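*Asks:* Sequence and predicted structure are below.
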Amino acid sequence: MPVKLLVTGGAGFMGSAFVRKMSEQQTDANASASYDVTVIDKLTYAGNKSNLSGTNHKFVKADISNKFVVEKLVKNSDIVVNYAAETHVDRSIKSGETFVKSNVLGTFMLLEAARKFSKKLIQISTDEVYGSVDNGRFRETDSLLPNSPYAASKASADLLVRSFIKTYDLDAKIVRSCNVFGHHQYPEKFIPRSITNIIEGRKLQIYGDGKNIREWVHVDDHASAINFIINNDFNGGNVVNIGTGNEKKNIEIAKLVLENFGLGLDMIEFVKDRPGHDFRYAMDWNLLRRKGWRPSTNFNEALSATIEWYRENKKWWKPLLKYS
């Protein structure tokens with residue numbers, strides 16, 4: 001029998017990549033399991049049903065804060081993978097209310113349903129819950145020190161998941177990843193915004209001096225890691241980090257983008273820094289690596305492929321610029 005997956009936020013950037021990954025397994029004779037996928041997404045500005053084109057899934061348009069809908073869907077599932085979230089730091093700084101409703105209350109509703117019907121839950125989290133680190137790497141056991149309303153809402157959700165694991169013995173995992181990039185990413189984020197700005201003939205904008213450091217994983221590698229985590233035992237570990245070692249300063253990313261377009265540094269515009277801007281994120285992902293998972297993409301090659309995707313898919317992203 002196929003495993004019944006409920007993917008929340010499955011029409012978004014990361015969620016749809018995961019649905020595509022699991023859809024591929026449905027036709028792969030060598031796959032460890034087959035999957036029956038249901039997607040729930042309320043289709044906010046960042047959700048797009050076209051992201052799911054070509055995949056085999058059932059779709060429900062709804063908010064994960066809707067207790068009645070969530071209970072019905074969770075009851076009929078084996079595993080819940082919670083991608084549903086408001087994710088953009090800048091938006092959270094301007095107005096954090098929707099972040100609390102979606103990221104905290106929405107997660108709570110999923111947890112309650114998972115507890116009620118004894119279902120497994122995978123919480124998709126972020127490195128930003130750890131705060132900023134000047135040296136070394138975040139470990140799964142490190143304290144949570146979020147510095148933006150977005151990061152605080154995700155940390156709150158993580159703590160709720162932990163409480164359900166400890167209090168109700170819920171079968172759940174919290175997966176914290178470094179920064180994700182790739183095709184189908186909404187053009188408000190740094191890499192797609194930089195690419196689309198250049199395509200539109202505008203300057204590439206960078207906060208502050210551009211020396212902030214991020215670690216990057218391609219969206220298809222992230223989907224692969226989630227699939228790996230679902231199908232492997234981590235000996236009771238409730239938190240798993242996803243990392244790659246691909247650390248880049250923002251200014252380095254900008255230069256790589258410009259090089260792909262054959263442009264120089266005069267196309268960079270430095271703008272006022274973001275309030276509370278974290279300096280560096282870096283993940284210790286030895287737990288996942290020891291289990292056998294590795295990223296399959298080369299960063300520079302993946303960035304070039306991402307740039308090409310945005311060049312070829314203007315009809316997808318141009319209508320979205322009015323919301324960015």
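*Replies:* Nice, I can see it. Residues are numbered from 1 along each chain as shown.

*Asks:* And Q205, how close does it get to P149?
*Replies:* 22 Å (CB to CB, to the nearest Å). Where you see a C-beta, it was placed from the backbone N, CA and C, and this is true even at glycine.

*Asks:* And these two? Which one has more around it.
*Replies:* Using other CB atoms under 10 Å as the criterion, Q205 and P149 rank with P149 on top: 21 against 14.

*Asks:* okay but that one is in contact with D90, surely?
*Replies:* No. P149 lies out of contact with D90 (CB atoms under 8 Å); the separation is 10.4 Å.

*Asks:* who's in contact with the closest residue to L159 other than its chain neighbours?
*Replies:* Ranked by CB to CB, 6 or more residues apart in numbering and with sequence neighbours excluded, the top spatial neighbour of L159 is L144, at 7.3 Å. L144 makes contact with V129, Y130, G131, A155, D158, L159, according to CB atoms under 8 Å, 6 or more residues apart in numbering.

*Asks:* again, 7 Å this time
*Replies:* V129, Y130, A155, D158 (CB atoms under 7 Å, 6 or more residues apart in numbering).

*Asks:* With K116 instead?
*Replies:* With the criterion set at CB under 7 Å, 6+ apart, K116 makes contact with E71.

*Asks:* Kindly report the same for M22.
*Replies:* L5, Y35, V37, N227.

*Asks:* Give me the phi and psi for the residue nearest to L159.
*Replies:* phi -90, psi 120 (degrees, to the nearest 10).

*Asks:* show me where the stretch 1-150 of the chain has strands.
*Replies:* Using DSSP state E, counting those that start in this stretch, the strands of the stretch 1-150 of the chain run over residues 3-8, 35-41, 58-61, 79-82, 120-126.

*Asks:* got these as TSV, with distance to H183 columns?
*Replies:* What follows is the strands of the stretch 1-150 of the chain, written out as TSV (distance: least, CB to CB, whole Å):
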stretch	distance to H183
strand 3-8	18
strand 35-41	18
strand 58-61	20
strand 79-82	20
strand 120-126	18
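
*Asks:* Quick check: the two most widely separated of the contacts of L144?
*Replies:* Maximum pairwise distance in these, criterion CB to CB, is 10.2 Å, between Y130 and D158.

*Asks:* dump the residue contacts of the residue nearest to S148 when sequence neighbours are not counted.
*Replies:* Excluding its sequence neighbours, the residue lying closest to S148 (CB to CB, 6+ apart) is V89, at 4.9 Å. Contacts for V89 (CB under 7 Å, 6+ apart) come out as S148, Y150, R274.

*Asks:* go again using 10 Å as the cut-off
*Replies:* 99, 128, 147-151, 188-189, 274-278 (CB atoms under 10 Å, 6 or more residues apart in numbering).

*Asks:* One more: L73?
*Replies:* 4, 6, 8, 38-40, 58, 60, 62, 64, 66, 80, 110, 113.

*Asks:* Drop anything exposed from those.
*Replies:* For those, a burial check counting by 16 or more other CB atoms under 10 Å picks out 4, 6, 8, 38-40, 60, 62, 64, 66, 80, 110, 113.

*Asks:* could I get those as a markdown table with distance to D221 and pLDDT?
*Replies:* Output for the buried ones among the contacts of L73, formatted as a markdown table (distance: CB to CB, whole Å; pLDDT from 0 to 100):
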| residue | distance to D221 | pLDDT |
| --- | --- | --- |
| K4 | 25 | 96 |
| L6 | 23 | 98 |
| T8 | 21 | 98 |
| T38 | 24 | 98 |
| V39 | 21 | 98 |
| I40 | 24 | 98 |
| V60 | 28 | 98 |
| A62 | 29 | 97 |
| I64 | 25 | 97 |
| N66 | 32 | 96 |
| V80 | 22 | 98 |
| L110 | 25 | 98 |
| A113 | 30 | 98 |
